[in-house]
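A.B. asks: the following block contains a protein sequence and its predicted model.
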Amino acid sequence: MLITTSRKPSPRSRTFSKNLGRILNTKYINRGKMSIRDTLIKSKVMGYNRTAVISEMKGNPSRMDIYDSDGELKLSLNISVSNPIASGRIDSKKLHLKWELDNLEDLKKELISNLEIPEYEEAGSEDQALKETGRNIPNLLIVKEGAKCRALLEFHDQHGQITGSKIYIHHFKLGGDVNSS
């Protein structure tokens, strides 16, 4: 997936997009004067099958739209972010998504598909050994319930520690479905 921003992004939106690109092991490009159409064409030429466009409101990342290689909107997320200085490194090649919500299965499927992150499967004794030593599972994107949002995305580094970066999903819409929120 290729990640880019709106035309004139704030430093906060640019930093968020770059960090997300590193976490997801993908590329961030500065959009500059390119139209969405030109950005999608460049993404396809570069070999990416998805393009994420981060939009902002009042200088803060507020929406992430993910398009497929044909330019069709696959997923739109109304978000807010907490993007403090990262405290650890995530091994993006080993990143897995762990779902801790009892609902929103359609969002789960779309996140796994569009972010191209495999779902985490319990390893049994390995996970139990980590829990007994008080350590968390490494390289995870945990999706859980948030206090004032539909879902909270929390990142855990290669040592299982929370990195500090969080994405709060307030509303979402899947593909052409305008009523999913």
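C.D. replies: Okay, I see it. Numbers count the residues shown, from 1 in each chain.

A.B. asks: with adjacent residues omitted, what lies nearest to residue 14?
C.D. replies: Nearest residue to residue 14 in three dimensions, chain neighbours excluded: residue 5, at 6.2 Å (Cβ to Cβ, 6 or more residues apart in numbering). From N, CA and C alone the C-beta is placed, and that goes for glycine too.

A.B. asks: just checking, next helix/strand downstream of the helix or strand bottoming out on mean pLDDT in the chain?
C.D. replies: The helix or strand of the chain with the lowest confidence, counting by mean pLDDT, DSSP states H and E, is helix 125-132 at a mean of 55. Moving toward the C-terminus from helix 125-132, the next helix or strand (DSSP states H and E) is strand 140-144.

A.B. asks: picking that back up, report how many residues lie close to the residue nearest to residue 14.
C.D. replies: Residue 5: 24 surrounding residues under other Cβ atoms under 10 Å.

A.B. asks: for it, what are its contacts?
C.D. replies: Residues counted as contacts of residue 5 (Cβ atoms under 8 Å, 6 or more residues apart in numbering) are 13, 14, 17, 30, 31, 53, 54, 55, 56.

A.B. asks: relative to residue 67, which of those is nearest.
C.D. replies: Nearest to residue 67, judged by Cβ to Cβ, of the contacts of residue 5 is residue 53 at 7.2 Å.

A.B. asks: and that closest one, what helix or strand is that in?
C.D. replies: According to DSSP H and E, residue 53 maps onto strand 50-57.

A.B. asks: how about the helix or strand just after that strand: buried residues?
C.D. replies: Moving toward the C-terminus from strand 50-57, the next helix or strand (DSSP H and E) is strand 60-68. Neighbour-count burial for strand 60-68 flags 61, 62, 63, 64, 65, 66, 67, 68 (criterion: 16 or more other Cβ atoms under 10 Å).

A.B. asks: quick one: strands adjacent to strand 60-68?
C.D. replies: strand 50-57 (antiparallel), strand 73-82 (antiparallel) (DSSP bridges).

A.B. asks: dump those to JSON lines, plus distance to residue 116.
C.D. replies: Formatted as JSON lines, those follow (distance: least, Cβ to Cβ, whole Å):
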{"stretch": "strand 50-57", "distance to residue 116": "7"}
{"stretch": "strand 73-82", "distance to residue 116": "12"}
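
A.B. asks: can I get the ones you listed in TSV with distance to residue 90, mean pLDDT and mean neighbour count?
C.D. replies: Shown next, in TSV, are these (distance: least, Cβ to Cβ, whole Å; pLDDT from 0 to 100; neighbours: other Cβ atoms under 10 Å):
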stretch	distance to residue 90	mean pLDDT	mean neighbour count
strand 50-57	17	94	20
strand 73-82	16	94	19
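
A.B. asks: and of these, who's closest to residue 1?
C.D. replies: Closest of the strands paired with strand 60-68 to residue 1 is strand 50-57, at 4.0 Å (criterion: Cβ to Cβ).
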